[in-house]
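J.: turn this into a structure:
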Amino acid sequence: MISVIMLTYNRETLVGRAIESVRAQSWKDLEFIIVDNGSTDRSGKIADEYAALDSRIQVIHKECGNIGSGRNAGLNAAKGDFIAFIDDDDWIEPDYLDFLYQLLVEYGADVSICGTTTASSEKHCVMTAEEAVIETMRRKLFKVGFPGKLFRSSVIGNLRFPTDTIHDDCFLMHKALGNASRVAYDGILKYHIFHGSSSTTKWKDDFRLLTPELLTDLLESRKLRTEWCGERFPNSALLFQYFEWSYMISMVEKINRLHVTQCSRILDVMVQELSAHKNEFLSCEYCQPFERQWVEQYIS
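T.: Numbering: from 1, shown residues only. This next block holds a predicted model:
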C-alpha cells in the first residue's frame, strides 16, 4: 500500500483539484492522509466531504503549525509500505503513483523520482545515495522538494521534519536520500506544480520578496546539510562544502545587484564567512569562473 500525505491550509479554491487527482490514480491500493493545518477557510471541510465519499481518505485536523509539523502528523499516521507527498495546490497525472512504483521496483530502488513542472527531462538513470544527494544540490535533474518522489517507508523510518523552520524539505531530503541503497530517476513529467501568491518560493520570481527570515532559514539548512553529508559521505566532503559556499556567493551577488536592502545584515554575515574561506573557495576545483569573479568583486 502507498500512503499519500497532503497538508492543507487555506486552499479552498485549489484543494479539491489535488484531492481529485489522488482519487483518480490508476494505483488503487492507497491511503490518502489529509492534514488540515488549522485552516480558517473551508479547506478542512472540503477534505471531510471527500472522506465521506472515499474510505481511503483520512483527515487529521490540527492546530496551525509549520509545514513540517503537519507532514509529521501525516507520517505518524501512515501505514503504507511506500510514502508519497503532494502539496494542496498541485496535482498529479493519473498514473503518477503507478509510474513511480514501477520505476522503483524495476531497479530495486528505495526512492523513485519523476519529472515535475519545474524540473523535467528525457534522462533516465539509477544513482547511489551519494550521487542522488549530490544531484539534489546541483538542482538540475530534480529539486529538493518531497513531492515528485516515492519512498520506501523504511527509508523515512524515524526521520521527521523540523517543526521550527520554513523550508522543511531542505532540512530533511538529504537524510532521506542518504538512507537509500539506490535512487531511480525518470524525468517524464508526472507532477504539476502551481506557485500561488502565498508560496514560500515566490521570492525566487521576485527577489524583493526575500526576507531576512527566509534567507536565514535557507542558510541554516545548507550549513547543517554540509555537516551531515560530509560525515556520511566523506569522499565528497569538499564538494558539499563547495555547494554551501556557492549558494552564499550567489546570494551575495543577487542582494548587491538587486539592492535587496532588507537583507543587508545577513549579507554582512555571508561576506564575513566567505572572506574567512576565500582562498579555500577560490582554489577549490569545483569553483566556477563566474563565482571567482563574484568573489573578487564582493569579498575582501
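J.: partner strands of the strand ranked longest in the chain, with direction?
T.: The single longest strand within the chain, with elements called by DSSP state E, is strand 183-192. Strand pairing for strand 183-192, determined by DSSP bridges: strand 91-92 (antiparallel), strand 111-116 (parallel), strand 124-127 (antiparallel).
J.: which elements pack onto the helix or strand following the shortest one?
T.: Same thing as strand 91-92. Note on strand 91-92: by DSSP states H and E, the next helix or strand toward the C-terminus is helix 96-106. Contact analysis of helix 96-106 by 3 or more Cβ pairs under 8 Å, 6 or more residues apart in numbering; DSSP states H and E lists strand 2-8, strand 82-85, strand 111-116, strand 149-152, strand 183-192 as its packing neighbours. The way it works is simple: take the backbone N, C-alpha and C, and place the C-beta from them, glycine included.
J.: ok, and for the longest strand of the chain, which residues are buried?
T.: Of all the residues in strand 183-192, those buried under the rule 16 or more other Cβ atoms under 10 Å are 183-187, 190-192.
J.: likewise for stretch 65-84?
T.: Quick answer for stretch 65-84 (16+ other Cβ under 10 Å): 65-75, 78, 80, 82-84.
J.: stretch 48-63 too?
T.: 50-51, 56-60.
J.: same question, stretch 263-272
T.: Applying 16+ other Cβ under 10 Å to stretch 263-272 flags 263, 266-267, 270-271 as buried.
J.: of these, which belong to helices?
T.: 266-267, 270-271 (DSSP state H).
J.: for residue 44, what are its contacts?
T.: 8, 36, 59, 61 (Cβ atoms under 8 Å, 6 or more residues apart in numbering).
J.: switch those residues over to TSV; also include secondary structure and pLDDT.
T.: Output for the contacts of residue 44, formatted as TSV (DSSP: H, G, I helix; E, B strand; the rest coil; pLDDT from 0 to 100):
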residue	secondary structure	pLDDT
8	strand	96
36	strand	97
59	strand	98
61	strand	97
